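Trainee: Okay, predicted coordinates and the sequence, questions at the end:
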Amino acid sequence: MAEQRFMDIAAELRDRILSGELGPGDKVPTVKELAASYRCAGATAQRALGQLAVEGVVRTSPRGTFVADEAPVSMTPAERAGLARRTGSVLTDGESVVVTAAELIVPPLYVAEIFDLDHGDQVVRREYVVGRGKARLMLAVDWFPAHFAALVPDLLSTAPGKVHGLLSKVLEATGRAPTYARDDMHAREADQREAGHLGIPPGAPTLAGAHRWSDEDGMILYGEWCLPPRLTLSYQTDPGGAVERYGQPTPE
């Protein structure tokens, strides 16, 4: 029970930092304040702060515990997609995004197969980098069916002002809603393109992955992403069974 308790406290504090409620340099509640707030033992509260310190999310000093200046914490790309659907933006407070490509292209074979395309068919490809301050948090590429571009022309724009609310516009304009979602993750080395965007050496370790959103009519969004080293990735799961996505259980 104590093990789960300190993890829950750490997760809630991490979420407050990730959302921007607690910003870089802000003082984190003390052990005594956490123990009173969560009605737990001081040792449990201390373990929660210790966990965040190990992750590099907070720093300690004789004056107390503070949010790290460049807290290396990020959401999963799938969570960002969910955030965009709820709020209209893939960003949390303090984050920025640079769209480096937005185009209609003939995709690689594996992407064509995911979208069940005929030879030579096109898709929308959007590449972007998410950052916070000087830190680069994620390089991502999102793929959409080509006809979405006619319904939402902003899909082919790299203008910063066109990013906010884009996914919500896509779902509204197409009348589509995801009923199935899947995430895949794996560790590997960053290639030259990824390293350049993330500001890391080629061959540096990275966590890479992909997420898919679909409905009965087919693929809505296929996204690929990679994260730089020394980044804490935080997300919640359902320990009682399959992960829920918008009310639909993810198939095994």
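Mentor: Sure, I can see it. Residues are numbered from 1 along each chain as shown.

Trainee: strand partners of the helix or strand containing residue 211, parallel vs antiparallel please.
Mentor: For residue 211, the host element (DSSP states H and E) is strand 205-215. When pairing is defined by DSSP bridges, strand 205-215 lines up against strand 180-189 (antiparallel), strand 218-227 (antiparallel).

Trainee: which of those is buried the deepest?
Mentor: strand 218-227 (a mean of 21; mean count of other CB atoms under 10 Å). C-beta: built from backbone N, CA, C; applies to glycine.

Trainee: Next, count neighbours for residue 69.
Mentor: Burial of residue 69 is recorded as 12 neighbouring residues (other CB atoms under 10 Å).

Trainee: Not counting its neighbours along the chain, what's nearest it?
Mentor: In space, and not counting its chain neighbours, residue 69 is closest to residue 24: 4.8 Å by CB to CB, 6 or more residues apart in numbering.

Trainee: and what of residue 34?
Mentor: Nearest non-adjacent residue to residue 34, counting by CB to CB, 6+ apart: residue 45, 3.8 Å away.

Trainee: Three-state assignment for the one you found, please.
Mentor: Secondary structure assignment for residue 45 (DSSP: H, G, I helix; E, B strand; the rest coil): helix.

Trainee: Let's have the strands paired with strand 205-215 in CSV, adding mean pLDDT and distance to residue 141.
Mentor: Shown next, in CSV, are the strands paired with strand 205-215 (pLDDT from 0 to 100; distance: least, CB to CB, whole Å):
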stretch, mean pLDDT, distance to residue 141
strand 180-189, 91, 14
strand 218-227, 94, 5
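
Trainee: Of the ones you listed, which is nearest residue 199?
Mentor: Among the strands paired with strand 205-215, strand 218-227 comes nearest to residue 199, with 12.4 Å by CB to CB.

Trainee: ok now the closest one, how far from the chain's centre?
Mentor: Relative to its chain's centre, strand 218-227 lies at 12 Å (CA atoms, centre = their mean, to the nearest Å).

Trainee: Need the CA coordinates for that strand. PDB is fine.
Mentor: Provided in PDB are the C-alpha atoms of strand 218-227 (Å, rounded to 0.1, in the frame of the first residue of the first chain):
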ATOM      1  CA  GLY A 218     -10.400   3.000 -41.600                       C
ATOM      2  CA  MET A 219      -7.400   4.900 -40.400                       C
ATOM      3  CA  ILE A 220      -7.900   8.400 -39.100                       C
ATOM      4  CA  LEU A 221      -4.400   9.200 -37.800                       C
ATOM      5  CA  TYR A 222      -1.100   7.300 -37.800                       C
ATOM      6  CA  GLY A 223       1.700   9.000 -35.900                       C
ATOM      7  CA  GLU A 224       5.400   8.300 -35.400                       C
ATOM      8  CA  TRP A 225       7.600   9.900 -32.800                       C
ATOM      9  CA  CYS A 226      10.900   9.800 -31.000                       C
ATOM     10  CA  LEU A 227      12.100  11.300 -27.700                       C
END
